[in-house]
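# What would the 3D arrangement of this be:
(one chain, ligands or ions: 2)
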Amino acid sequence: MDKLQIVGGKRLKGKIAISGAKNAALPILCAGLLTAGDLELTNVPGLHDVKTMLTLLGQTGLKVSRDGERVTLNGGAIDKLEAPYEMVKTMRASILVLGPLLARFGEAKVSLPGGCAIGSRPVDQHIKGLQALGAEITIEGGYIYAKCKKLRGTRIVTDMITVTGTENLLMAATLAEGETVLENAAREPEVTDLANLLVAMGAKIEGIGTDRLTIQGVPELHGASHAVIADRIETATFLCAVAATGGDILLTNTRCDILDVALDKLREVGLIMTAAGDSIRAQMGGRPKPVSFRTTEYPGFPTDMQAQFMAVNTIAGGTSRVTETIFENRFMHVQEMNRLGASIQIEGNTAFIRGVDKLVGAPVMATDLRASASLVIAAMAAQGQTVIERIYHLDRGYDRMEVKLSAVGADIVRIK
Ligand SMILES: CC(=O)N[C@H]1[C@@H](OP(=O)(O)OP(=O)(O)OC[C@H]2O[C@@H](n3ccc(=O)[nH]c3=O)[C@H](O)[C@@H]2O)O[C@H](CO)[C@@H](O)[C@@H]1O
Ligand SMILES: C=C(OP(=O)(O)O)C(=O)O
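Ligands and ions are numbered 1, 2, ... in the order given. Now for the predicted structure:
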């Protein structure tokens, strides 16, 4: 299993190109199941999750061709309406094939994802919504079996805001008969990116970017071309890295308008940022200032940035408080950061952080995707050497992170 070896204390200087967003690319690839036409996608990130998704989609009979960040899909010969456990267990987003397969073919068999390190993460809202659209759903042997003659539009109010739940129901509703209204819809920019692609494929959707999506079903969708939106989480992760290490970096191929709250918090930390077009320049001089926050749905503070900000807080000049409201177990990085010398205590869903003068390198273990990124940041800020194990979590969602960071001066190497 690959590890990362990092020697801390290096200031970052140079340019990093941001990749396409994992959380937009995954549902967008699944949209390829909705049409017999060609989907031509660009800015698709080089992630392990993308590879897994393309393998899963290929197993359905979807024709996949890939050339770097360009992916072409053709759904003219899909003949296997299934997502097996072996694929779903490695990537929860596999659940996103359920809505499209059911809507287009009237049938799907998808493994239940089960829990993961950050929480139990049920998919009851996906199921409830599809049932409301007229699907017959049974669960047996760890699989969701879904069937319908034709989905029928209706009004769906989800119990909570769910990102992939909204995406699954949105994709299903595009091919349903009549009108579907999705209330309490997630407003994440990645949902908007998917909705924009669906419109380019001929879907009729109103309210894009709001919590009320109205979809007029159409008999079929056609092919389209689309560039995946920039990864706001990768962007903010690198901004946290420079806030923790000091330095001067330019992030290109990104977007600032979808990162408001995170950028406000980074300004509070002391990071100086200048945005121009699709670039952000970030400069950091002294010690970071502590920032307190609670995670919420978009446009609030993203849970996917909680751990990386925590890493910055560990070395800040003062105390801070971080509350996680989305996932019940997303503090797995805390024990590992404490092994580097951080001073963090957890009470319920809140972490209390006392900034320390220095972190010192140690062997640590990555437990999930963003926890891994936070340990990379903490290790780059620490004195001496840190070895991070189980970085397959990092590879799921960051495109060659160590290559991008070593190009701007970090001392980071992958040990095979
Ligand atoms: C591939 C992808 O886009 N992943 C993102 C997506 O995950 P994902 O879509 O899985 O997260 P959700 O928005 O669905 O989860 C939000 C909360 O709702 C709960 N819930 C969700 C669905 C459901 O049917 N029942 C239920 O109880 C979850 O357990 C969680 O507590 O949004 C999360 C929240 O921004 C991000 O951290 C993930 O990076
Ligand atoms: C939790 C995440 O992803 P996923 O939903 O794919 O597990 C994440 O991107 O931080």
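
# Report the separation between whichever residue of the chain sits closest to ligand 2 and ligand 1.
Closest to ligand 2 within the chain is Asp304: 4.1 Å, counting by CB to the nearest ligand atom. The way it works is simple: take the backbone N, C-alpha and C, and place the C-beta from them, glycine included. For Asp304, the distance to ligand 1 equals 5 Å [CB to the nearest ligand atom, to the nearest Å].

# Check His222 too.
From His222 to ligand 1 the distance is 25 Å (CB to the nearest ligand atom).

# picking up where we left off before, pull the contacting residues for the residue of the chain closest to ligand 2.
If you count contacts by CB atoms under 8 Å, 6 or more residues apart in numbering, Asp304 has them with 23, 233, 370.

# you'd agree Asn349 is up against Arg321?
No - in this structure, Asn349 is not within contact of Arg321 by CB atoms under 8 Å, at 11.0 Å.

# can you count the residues close to Asn338?
Neighbour count of Asn338, defined by other CB atoms under 10 Å: 16.

# and Thr235, that one's in a helix?
Yes - with DSSP: H, G, I helix; E, B strand; the rest coil as the criterion, Thr235 is part of a helix.

# list the contacts for it?
Thr235 touches 18, 251, 254-255, 259, 280, counting by CB under 8 Å, 6+ apart.

# So which of the residues you listed is the closest to Leu266?
In terms of CB to CB, no member of the contacts of Thr235 lies closer to Leu266 than Leu259, at 8.9 Å.

# And the residue nearest to Asn184 when sequence neighbours are not counted, how close does it get to ligand 1?
Spatial nearest neighbour of Asn184, chain neighbours left out: Thr158 (4.9 Å); criterion: CB to CB, 6 or more residues apart in numbering. Thr158 sits 7 Å away from ligand 1, going by CB to the nearest ligand atom.

# cool, Ala146 as well?
Taken as CB to the nearest ligand atom, the span from Ala146 to ligand 1 is 14 Å.

# Which other helices and strands does the helix or strand containing that residue contact?
Applying DSSP states H and E as the criterion places Ala146 in strand 143-147. When contacts are defined as 3 or more CB pairs under 8 Å, 6 or more residues apart in numbering; DSSP states H and E, strand 143-147 sits against helix 98-105, strand 107-111, strand 136-140.

# Kindly recompute the last result at 6 Å.
Other elements packing on strand 143-147 under the criterion 3 or more CB pairs under 6 Å, 6 or more residues apart in numbering; DSSP states H and E are strand 107-111, strand 136-140.

# so who does the residue nearest to Asn184 touch?
By CB atoms under 6 Å, 6 or more residues apart in numbering, the contact set of Thr158 is 125, 165, 184.

# Surely the first one is in contact with Thr162?
What that stands for is Gln125. Yes - assessed by CB atoms under 6 Å, Gln125 is found in contact with Thr162 at 5.1 Å.

# any idea how far the closest residue to Val97 other than its chain neighbours lies from Gln345?
Among residues not flanking Val97 along the chain, Ala83 sits closest, at 5.0 Å (CB to CB, 6+ apart). Using CB to CB, to the nearest Å, one gets 40 Å for the distance from Ala83 to Gln345.

# With neighbour numbers in mind, choose between the two.
Neighbours per residue, other CB under 10 Å: of Ala83 and Gln345, the larger number sits with Ala83, 27 against 11.

# What count of nearby residues applies to the residue nearest to Cys116 when sequence neighbours are not counted?
Closest residue to Cys116 apart from its sequence neighbours, by CB to CB, 6+ apart: Arg92 at 6.4 Å. Arg92: 17 surrounding residues under other CB under 10 Å.

# before we move on, the earlier item: how about a markdown table for the contacts of Asp304, with neighbour count added?
Compiled in a markdown table, the contacts of Asp304 are given as follows (neighbours: other CB atoms under 10 Å):
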| residue | neighbour count |
| --- | --- |
| Asn23 | 25 |
| Ile233 | 23 |
| Arg370 | 27 |
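
# Just give me the closest of the residues you listed to Ala172.
Nearest to Ala172 among the contacts of Asp304: Asn23, at 18.7 Å, using CB to CB.

# residue contacts, the residue nearest to that closest one when sequence neighbours are not counted?
Nearest non-adjacent residue to Asn23, counting by CB to CB, 6+ apart: Glu190, 4.3 Å away. Residues in contact with Glu190 (CB under 6 Å, 6+ apart) are 21, 23-24.

# Nearest to ligand 1 among those residues?
Using CB to the nearest ligand atom, the contacts of Glu190 come closest to ligand 1 at Asn23, 3.5 Å.

# The closest one sits in which helix or strand?
helix 22-30.

# Please name the bridge partners of the closest residue to Lys404 other than its chain neighbours.
Using CB to CB, 6+ apart and skipping residues adjacent in sequence, the residue nearest Lys404 is Ile16, 5.0 Å away. Beta-bridge pairing for Ile16 (DSSP bridges): Leu251.

# still on that earlier bit, now intersect the contacts of Thr235 with the helices, please.
With helices taken from DSSP state H, there is no overlap with the contacts of Thr235.

# Could you list the alpha-carbon positions for stretch 58-65 in CSV?
Taking C-alpha atoms only, stretch 58-65 is exported to CSV below (Å, rounded to 0.1, in the frame of the first residue of the first chain):
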residue,chain,number,x,y,z
GLY,A,58,-18.4,0.0,-18.6
GLN,A,59,-19.9,-3.2,-16.9
THR,A,60,-23.4,-2.0,-17.7
GLY,A,61,-22.5,-1.9,-21.4
LEU,A,62,-22.0,1.9,-21.6
LYS,A,63,-19.2,2.5,-24.1
VAL,A,64,-16.4,4.5,-22.5
SER,A,65,-13.4,6.1,-24.1
